[in-house]
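J.: build me a model:
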Amino acid sequence: MEFQFASLAEFWAMKGHGPYVWACYALALSTLVYLIDAPRRRHHQYLKQQRALKVAQAHINKSSEK
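T.: Below you'll find the predicted structure:
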């Protein structure tokens, strides 16, 4: 088995195409991380909001009983 690149530096440079290739990988990875993380954050925010509404509703019900 023969490697395509002679050294690690040559691998990173990829015959001059390295910056483009690695920028595309970074963009793809950051997009995937965002697509996984954004719904999780929204879900946690929604749950927090629902808990706050439940507490507020309990407080309103408690004060109206008096």
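J.: and the host helix or strand of A28, what does it pack onto?
T.: Remark: A28 resides in helix 18-64, with elements defined by DSSP states H and E. Helices and strands touching helix 18-64, by 3 or more CB pairs under 8 Å, 6 or more residues apart in numbering; DSSP states H and E: there are none. The C-beta positions use only the backbone N, C-alpha and C, and glycine is treated the same way.
J.: for that helix, the distance to its chain's centre please.
T.: Distance of helix 18-64 from its chain centroid, counting by CA atoms, centre = their mean, to the nearest Å, is 9 Å.
J.: same check on stretch 52-65?
T.: Average the C-alpha atoms of stretch 52-65, do the same for its chain, and the two points are 35 Å apart (CA atoms, centre = their mean).
J.: so where's the chain shaky on pLDDT?
T.: When residues are selected by pLDDT under 70, those of the chain lie in 1, 66.
J.: same thing but at 80, please
T.: 1-3, 65-66 (pLDDT under 80).
J.: H17 - how many residues pack around it?
T.: 9 (other CB atoms under 10 Å).
J.: gap between it and L35?
T.: H17 sits 26 Å away from L35, going by CB to CB, to the nearest Å.
J.: quickly note the distance from C24 to T31.
T.: Taken as CB to CB, the span from C24 to T31 is 11 Å.
J.: repeat that for L47.
T.: In terms of CB to CB, L47 sits 25 Å off from T31.
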